[in-house]
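Participant: build me a model from this:
(one chain, ligands or ions: 1)
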Amino acid sequence: MVSDAFDVIVVGFGFAGGIAAITAADAGARVLLLEKQQDAGGISVCSEGGLRIAKEKSEAFNYLSATNAGTAPEAALLALAAGMTGLADYVKSLAEPFGATVVCRDSAGHYPFPGADTFGFATIEALPGYDHAIDFPQVRGGVAGARLFKLVLNHVRSRPTIEVRLATQVQRLLQAQNRVVGVRAGGQEIRCHHGVILACGGFEGDAEMQRQFWHLKPVVSAAMRANMGDGIRMAQSAGAALWHMWHFHGAYGFRHPDPAYPFGIRVKKLPDWRPGFPPKDVRMSWILVDCHGQRFMNEYEPYMQDTAYRALGAFDPAMQAHPRIPSYLILDAAGRARYPVSAPTWHDRAVAQQFGTATAEEFDEQILISAGSITGLAEALGLPPESFVRTIDEWNQACAAQQDAAFGRPAMSMLPIAQPPYYGARVWPVVSNTQGGPVHDERQRVLDAFGVPIAGLFAVGELGSVFGHLYLSGGNLAECFIGGRIAGLEVLQSTA
Ligand SMILES: Cc1cc2nc3c(=O)[nH]c(=O)nc-3n(C[C@H](O)[C@H](O)[C@H](O)COP(=O)(O)OP(=O)(O)OC[C@H]3O[C@@H](n4cnc5c(N)ncnc54)[C@H](O)[C@@H]3O)c2cc1C
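Facilitator: Okay, here's the model as predicted:
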């Protein structure tokens, strides 16, 4: 069956697809929004819901330029910087019809580059009628992200010119006369007058693509199976260039012993900090060691959830292996009593059904191995006891001196490992979200290998994010909203 009743087709219904669809519909388009899963939300609905905003465009641009280290063109970064200065007002305009409360606060970028102080966050603090257990029983993650997604969902549902089809996987792009003219989805060819906006996320759920593009392996995914790089393959088939495929946002975390649990489990998030401004009154209960029983990193990096996986990637040519995959997270009874170390997240019906009622403490119970002595723990984890005992001794001396001369961990975060029983668990690199995908310009047009726009094809959200070196927290969500608005209008300029 062939249909051409639509002006625009949007593929994927997370934040990026939702905002692109709303924008195109408000500009008068009939929009088809296609989502692979039974439920909308993607990994967007698991997020912590903080949208990066900025006071000054030029300052934001300076910071984004420094953190991108030449991996994205000036024009694309300028568009993002400009978008950040108007984002708070846009979110307020979305909030107003549904009585939602927006809170904006200052929050500097994590790294000491020019422009860091211009940033803040906008979050939805309250939304009448939002009830996580009813709205998103299949989701575990940041409640503010789910609340923000519910607001976007309300807007999509209130627009009769947006047709949403769930459980509909887009398989291919349709091309004619050198332009993208529609998609094939569920055995149907669907055409549109203006163009296709790919908003179908990254490749968190695609182990094969990860093996091909990432040097460290295996990496476990934090939240969702459906983002399998479909948009990357479709854009490639239309001739797109790719960028930032190496770059993902992630930390270290656990695997569940039950193979029915398909995700990595992120380690507890502690407050982020900035070099030169160490965290105050924050204690981290654990250290990490490699397969030799030795520490190898500052476990509490400034922005752990972004870069902490990177230290696990070292390759040892003598071993012909990664000695830090897995690594081992070690704590003692006093540390364990402080807080659970597991922070599971998911958007997955089957996982929610089986594990939905388990608390973080119960996850810890499943994951942590215990022993009455340090040598006993070494034996249980398969670590060389002598070197492991030496590491723990050195660590405890460093705690007493309040100085981690080896790796520069913030003094306030240090806790000795001295009170039995002792606990340990294997940890792996965990991907929260990927940044790679098709190259796009400042108008969100997908570019081919020679930098030429592919007519009728746009990409938004984390599918080809501009972040190609260091990430700015809240930047992915900001990109979904800013890029989604740009693409939702630009697509209407595209006609055969
Ligand atoms: C636990 C967690 C916390 C996070 N916290 C933050 C945060 O606080 N701030 C921040 O900025 N970022 C955060 N991120 C990252 C951020 O959530 C994502 O980068 C962003 O939400 C991606 O949005 P998106 O719309 O591009 O993709 P998604 O929200 O993943 O949406 C893509 C959609 O496309 C669908 N899809 C895939 N393939 C197809 C296909 N072939 N056909 C149709 N549909 C398809 C998927 O099912 C999915 O619903 C977090 C990520 C995780 C996992």
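Participant: check what pLDDT the nearest residue to residue 17 once chain neighbours are set aside gets.
Facilitator: Distances taken as C-beta to C-beta, 6 or more residues apart in numbering place residue 199 nearest to residue 17, at 3.4 Å, with adjacent residues excluded. C-beta here means a position set from N, CA and C on the backbone, and glycine is covered the same way. We have a pLDDT of 99 for residue 199.
Participant: residue 199 against residue 464, yeah?
Facilitator: No. Using C-beta atoms under 8 Å, residue 199 is not in contact with residue 464, being 10.5 Å away.
Participant: which of the two has more neighbours?
Facilitator: Neighbour count, other C-beta atoms under 10 Å: between residue 199 and residue 464, residue 199 has more, with 34 against 30.
Participant: now do that one against residue 319, distance only.
Facilitator: Residue 199 is 42 Å from residue 319, where distance means C-beta to C-beta, to the nearest Å.
Participant: now residue 428
Facilitator: Counting by C-beta to C-beta - residue 428 and residue 319 are separated by 17 Å.
Participant: ok, these two, which is more surrounded?
Facilitator: Neighbours per residue, other C-beta under 10 Å: of residue 428 and residue 319, the larger number sits with residue 428, 22 against 10.
Participant: helix, strand, or coil at the residue lying closest to residue 468 once chain neighbours are set aside?
Facilitator: Nearest residue to residue 468, sequence neighbours excluded (C-beta to C-beta, 6+ apart): residue 71, at 2.9 Å. When classified by DSSP: H, G, I helix; E, B strand; the rest coil, residue 71 comes out as coil.
Participant: host element of residue 257?
Facilitator: Using DSSP states H and E, residue 257 sits in no helix or strand.
Participant: surely it and residue 368 touch.
Facilitator: No. Residue 257 is beyond contact range of residue 368, at 10.6 Å (criterion: C-beta under 8 Å).
Participant: the more surrounded of the two?
Facilitator: The residue with more neighbours, out of residue 257 and residue 368, is residue 368; 19 against 10, by other C-beta under 10 Å.
Participant: mind listing the strands for the stretch 51-200 of the chain?
Facilitator: Taking DSSP state E, counting those that start in this stretch as the criterion, the stretch 51-200 of the chain carries its strands at 51-54, 101-106, 119-126, 139-140, 162-165, 170-176, 179-185, 188-198.
Participant: mind giving me the domain ranges of this protein?
Facilitator: 2-214+224-247+435-493, 249-431 (automatic domain parsing).
Participant: any chance of these in TSV, with distance to the ligand too?
Facilitator: Putting those into TSV (distance: least, C-beta to the nearest ligand atom, whole Å) gives the following:
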stretch	distance to the ligand
domain 2-214+224-247+435-493	2
domain 249-431	4
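Participant: tell me where the model's unsure across the protein.
Facilitator: Along the chain, segments meeting pLDDT under 70 span 1-4.
Participant: top strand in it by residue count?
Facilitator: strand 422-434 (DSSP state E).
Participant: number of residues surrounding residue 312?
Facilitator: 25.
Participant: starting at the chain centroid, how far to the longest helix along the chain?
Facilitator: For the chain, the helix with the greatest residue count under DSSP state H is helix 74-95. Chain-centre distance of helix 74-95: 19 Å, with C-alpha atoms, centre = their mean, to the nearest Å.
Participant: wait, what's in contact with the residue nearest to residue 468?
Facilitator: Residue 71 makes contact with 243-244, 468-469, according to C-beta atoms under 8 Å, 6 or more residues apart in numbering.
Participant: just to revisit the earlier point, right, so the domains of the chain: which one is the most enclosed?
Facilitator: Across the domains of the chain, the average number of neighbours (mean count of other C-beta atoms under 10 Å) peaks for domain 2-214+224-247+435-493, which reaches a mean of 21.
Participant: and stretch 234-242, how far apart are its ends?
Facilitator: End-to-end distance of stretch 234-242 (C-alpha to C-alpha, to the nearest Å): 12 Å.
Participant: since that was my last question, I'll sign off now.
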